[in-house]
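1. from the sequence below, what's the structure:
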Amino acid sequence: MDGLRPRLHRSNPQGAGPLVNSAYFKKAMEDMRPVIVATPKIVSRQVEGEGWDEMGELKID
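-> A predicted model of the protein is given here:
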């Protein structure tokens with residue numbers, strides 16, 4: 001992936017609002033802005049279901 005590390009983040013039921021509006025997130029954005037040279041790219045998707053599904057290829061009976 002072009003040297004990038006994919007990261008999966010499970011948001012809470014309220015969506016991104018609590019994180020994006022937190023002092024922690026606002027400080028992180030403020031600290032990162034001067035050192036980035038391009039807008040970061042993200043994949044942001046909602047998926048159906050609750051929790052994790054089993055991986056069929058490694059199923060243990």
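2. do a quick rundown of the helices in the protein.
-> 17-20, 23-32 (DSSP state H).
3. select, out of those, the one closest to Asp61.
-> Asp61 lies closest, by Cβ to Cβ, to one member of the helices of the chain: helix 17-20, at 38.8 Å. C-beta coordinates here come from the backbone N, C-alpha and C atoms, glycine included.
4. which helices and strands does that closest one pack with?
-> Here helix 17-20 touches no other helix or strand, going by 3 or more Cβ pairs under 8 Å, 6 or more residues apart in numbering; DSSP states H and E.
5. distance to Glu57 added to the helices of the chain, as a markdown table?
-> Converted to a markdown table, the helices of the chain look like this (distance: least, Cβ to Cβ, whole Å):
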| stretch | distance to Glu57 |
| --- | --- |
| helix 17-20 | 32 |
| helix 23-32 | 36 |
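6. dump the ones you listed into a markdown table; add mean pLDDT, distance to Glu48 and mean neighbour count as well.
-> Below are those laid out as a markdown table (pLDDT from 0 to 100; distance: least, Cβ to Cβ, whole Å; neighbours: other Cβ atoms under 10 Å):
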| stretch | mean pLDDT | distance to Glu48 | mean neighbour count |
| --- | --- | --- | --- |
| helix 17-20 | 82 | 20 | 12 |
| helix 23-32 | 93 | 26 | 10 |
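7. which one of those lies nearest to Val43?
-> Here helix 17-20 is closest among these (Cβ to Cβ), at 16.3 Å.
8. for Met55, which of the helices of the chain is the nearest?
-> So among those, helix 17-20 is nearest, using Cβ to Cβ, at 27.5 Å.
9. hang on, the earlier thing: nearest to Glu54, out of the helices of the chain?
-> helix 17-20 (28.2 Å).
10. could you point out where the protein is predicted with low confidence?
-> Applying pLDDT under 70 to the chain flags the ranges 1-4, 6-13.
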